[in-house]
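> What would the 3D arrangement of this be:
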Amino acid sequence: SAGPRGGIAIQRGALFHLLKNRIYRGEIVHKGTAYPGEHPAIVPKLLWDEVQARLTNNGPDTRGQSHRQSEAMLIGILYDGHGRRMTPSQTNKGAKRYRYYATLGLDPAKAEPPAWRVPAHDLERIVVQRLTAFLGHASAVTDAAGVETPADIERVAGEARRLASLLEGAGDRLRITRLLVERVALSATAVTITVRIAAIDAGAVSAENITLTAPIARIRMYKESRLVVLSPASRAAANPDRDERLVQLLAEAIAARDLLQASPALSIKDIAERHSLCRKRFAQLIRISWLAPDIIRDALDGRQPASLDATRVIKADLPATWAAQRAMLLPAA
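Residues are numbered from 1 along each chain as shown. Now for the predicted structure:
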């Protein structure tokens with residue numbers, strides 16, 4: 001016969017199930033997919049995401065591995081181009097560890113549409129850089145907050161500067177990003193970041209979230225996939241006149257330059273060896289990365305001359321000066 005229940009300590013498994021139950025977020029789960037329910041959420045999203053991150057970091061599969069997921073800045077808030085949640089993953093090759101974000105719960109070989117996987121370091125860097133740039137733009141922040149009086153403007157701008165400073169330091173980067181960012185969505189050409197304005201200033205007149213966009217290109221440098229930020233001109237991605245092979249070459253060159261600038265004490269040969277790249281190809285990409293800005297801009301906008309393609313840029317012995325580059329690559333006026 002049924003008697004009274006309860007009065008015993010909650011075991012680990014029951015507690016884990018309780019903390020993972022999306023019903024408290026106002027959702028219903030069917031066959032592994034969460035859908036909005038008709039009942040209200042009783043757990044705020046920010047608290048939910050923080051709890052899920054803590055569970056993932058401290059889960060049983062992370063014991064003895066120095067909490068490998070603790071670096072996963074975007075856990076719980078990242079979505080692929082089909083609106084599917086992405087989760088941290090990693091692979092080890094010898095002594096090197098490579099972190100990624102991958103579409104949650106899908107077999108990359110069988111999923112339809114295919115599962116997405118992007119390098120974690122590149123994506124996190126792009127998000128932090130875009131946030132820092134926004135916070136450092138005082139008028140953009142105060143406009144988003146809807147403040148007008150000098151005192152309010154100074155208060156909001158000052159808090160934004162403080163947060164930007166914390167983002168630039170590694171110690172608080174994860175905490176501040178999680179505080180500010182509601183959602184990060186990927187597409188083939190951009191990263192879209194939803195920012196909580198109320199997290200910058202609780203007294204903001206406008207507490208509505210805003211979105212920031214960072215145009216990107218996904219490139220493959222030999223065995224390693226990378227994400228790089230392109231200029232705003234890359235928004236013309238749908239331009240039928242744009243030579244995508246040329247654009248990808250330029251993106252690859254920019255990525256190579258980033259590697260060089262990140263290790264100023266190393267030679268081109270040392271950097272190429274560290275990243276398993278062909279030294280000759282890497283040096284070639286470095287030269288291409290210093291192509292005249294107007295030539296790069298025209299290529300991204302699809303305004304390059306018909307005679308300028310990836311093959312010609314690769315084979316060209318590019319001179320050092322931009323004027324000489326224009327004379328070599330562009331038709332005479």
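> how about the spatially closest residue to Ile176 that is not a sequence neighbour, secondary structure?
The spatially closest residue to Ile176, leaving aside those adjacent along the chain, is Leu166, at 4.9 Å (CB to CB, 6 or more residues apart in numbering). For the C-beta atoms, the positions are set from N, CA and C on the backbone; glycine is no exception. The local conformation at Leu166, judged by DSSP: H, G, I helix; E, B strand; the rest coil, is helix.
> which stretches of the stretch 201-333 of the chain form strands?
Shown for the stretch 201-333 of the chain, the strands assigned by DSSP state E, counting those that start in this stretch span residues 210-221, 224-229.
> if we can go back for a sec, doesn't Arg173 make contact with the residue nearest to Ile176?
Yes - the pair Leu166 / Arg173 is scored as a contact, 7.4 Å apart, by CB atoms under 8 Å.
> hmm, back to that, ranked by average pLDDT, which of the strands of the stretch 201-333 of the chain falls at the bottom?
Looking at these, the lowest mean pLDDT belongs to strand 224-229 (a mean of 60).
> residues in contact with the nearest residue to Tyr98 once chain neighbours are set aside?
In space, and not counting its chain neighbours, Tyr98 is closest to Thr91: 5.1 Å by CB to CB, 6+ apart. The neighbours of Thr91, taking CB atoms under 8 Å, 6 or more residues apart in numbering as the test, are 97-98, 100.
> For the stretch 51-200 of the chain, which segments count as helices?
Counting by DSSP state H, counting those that start in this stretch, the segments of the stretch 51-200 of the chain that form helices are 120-135, 138-145, 150-168, 173-180, 197-200.
> any idea of the mean pLDDT in stretch 52-59?
Across stretch 52-59, pLDDT averages out at 62.
> Can you pull the poorly scored residue ranges out of the stretch 101-250 of the chain?
The stretch 101-250 of the chain contains residues with pLDDT under 70 at 106-111, 202-207, 217-241.
> doesn't Tyr24 make contact with Ala34?
No - in this structure, Ala34 is not within contact of Tyr24 by CB under 8 Å, at 11.7 Å.
> Next, show the common contact partners of the two.
When CB under 8 Å, 6+ apart defines a contact, no residue borders Ala34 and Tyr24 alike.
> Could you tell me how many residues sit around the closest residue to Leu179 other than its chain neighbours?
Among residues not flanking Leu179 along the chain, Ala199 sits closest, at 5.1 Å (CB to CB, 6+ apart). By the criterion of other CB atoms under 10 Å, Ala199 has 19 neighbours.
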